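Participant: Predicted coordinates and the sequence they were generated for:
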Amino acid sequence: LENDAKNVLFLKKLPKDAEASNILVGEVDFLEEPFSAFIRLQNSTQLGDLTEVSLPTRFLFILLGPESAVQSYHEIGRSIAGSLADEVFHQVAYKAKTREQIVAGLDEFLDQVTVLPPGEWDRNIRIEPPVSIPSQESRKQLLHLPSQDNGKKSLHHDSETSLEEKIDEEEEKYNIRKE
């Protein structure tokens, strides 16, 4: 009952249109290689008691792999959770039509993230935090779609067209094909 009361208080702090992202990682004895899936549901939906508070789910990330690497899986799950909390990557995840667009969004997020090592460190030689938080708008303009280069995956940075514009173009082509 005490946890339910905390959850209600937490739920009141969330926007009315909030959606959940569920990251599920684990090890299984029937796989020889890791398996992962990043899933965007067309419509957000309730998935029972999967979330701490009653929220509809839009994104699922599932990573299963052979036993003995659970710590690596946990860290990958944490990275995906961090990227989904990022405004720019979240927009990419909503609009992406291809795997390459998701990967390009993750690459952009990882290019911008700052990682500090765990444990103790000398406060006298630490890196000072930035004076101001960088604009998310400038990041959106830097994001570009990957291109295929002789079947090899590579990132192509086209200074004329942003990722959002290219995703809109892809969406338009997709809608035309659907008709």
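Facilitator: Everything's here; your move. Residues are numbered from 1 along each chain as shown.
Participant: any idea how far Asn22 is from Val28?
Facilitator: Counting by Cβ to Cβ, to the nearest Å, the gap from Val28 to Asn22 is 18 Å. Glycine gets a C-beta too; all of them are placed from N, C-alpha and C.
Participant: Find the residue closest to Ala69 in space, skipping its chain neighbours.
Facilitator: Counting by Cβ to Cβ, 6 or more residues apart in numbering, the nearest residue to Ala69 once its immediate chain neighbours are dropped is Glu27, at 6.7 Å.
Participant: Show me what that neighbour is bridged to.
Facilitator: The bridge-partner assignment for Glu27, based on DSSP bridges, gives Gly65.
Participant: before we move on, back to that, when Val28 and Asn22 are compared, which one has more neighbours?
Facilitator: Looking at Val28 and Asn22 with other Cβ atoms under 10 Å, you find the greater number of neighbours at Asn22, namely 17 against 10.
Participant: The more buried one: what secondary structure?
Facilitator: State at Asn22, reduced to three classes by DSSP: H, G, I helix; E, B strand; the rest coil: strand.
Participant: before we move on, what about the one 3 residues further on?
Facilitator: Judged by three-state DSSP, the three-state class of Val25 is strand.
Participant: hang on, the earlier thing: wait, doesn't the residue nearest to Ala69 sit right on His74?
Facilitator: No: between Glu27 and His74 no contact is recorded; they are 10.0 Å apart, counting by Cβ atoms under 8 Å.
Participant: neighbour-wise, which of those two wins?
Facilitator: Taking Glu27 and His74 together and counting by other Cβ under 10 Å, Glu27 has the greater number of neighbours (17 against 14).
Participant: so what's that one up against?
Facilitator: Shown in contact with Glu27 (Cβ atoms under 8 Å, 6 or more residues apart in numbering): Leu64, Gly65, Pro66, Glu67, Ser68, Ala69, Val70, Tyr73.
Participant: What separation do you get for the closest residue in space to the fourth one that isn't next to it in sequence and Arg78?
Facilitator: When you say that, I think you mean Glu67. When the adjacent residues along the chain are set aside, Glu67 lies closest to Glu27, with 4.6 Å between them (Cβ to Cβ, 6+ apart). When Cβ to Cβ is the yardstick, Glu27 and Arg78 sit 16 Å from each other.
Participant: in the protein, which helix or strand is least confident?
Facilitator: Taking mean pLDDT, DSSP states H and E as the measure, strand 152-155 is the helix or strand of the chain with the lowest mean score, a mean of 36.
Participant: For the chain, which segments count as strands?
Facilitator: For the chain, applying DSSP state E gives strands covering 20-28, 35-45, 57-66, 146-149, 152-155.
Participant: Relative to Glu87, tell me which of those strands wins on proximity.
Facilitator: Closest approach to Glu87 among the strands of the chain (Cβ to Cβ): strand 20-28, 13.5 Å.
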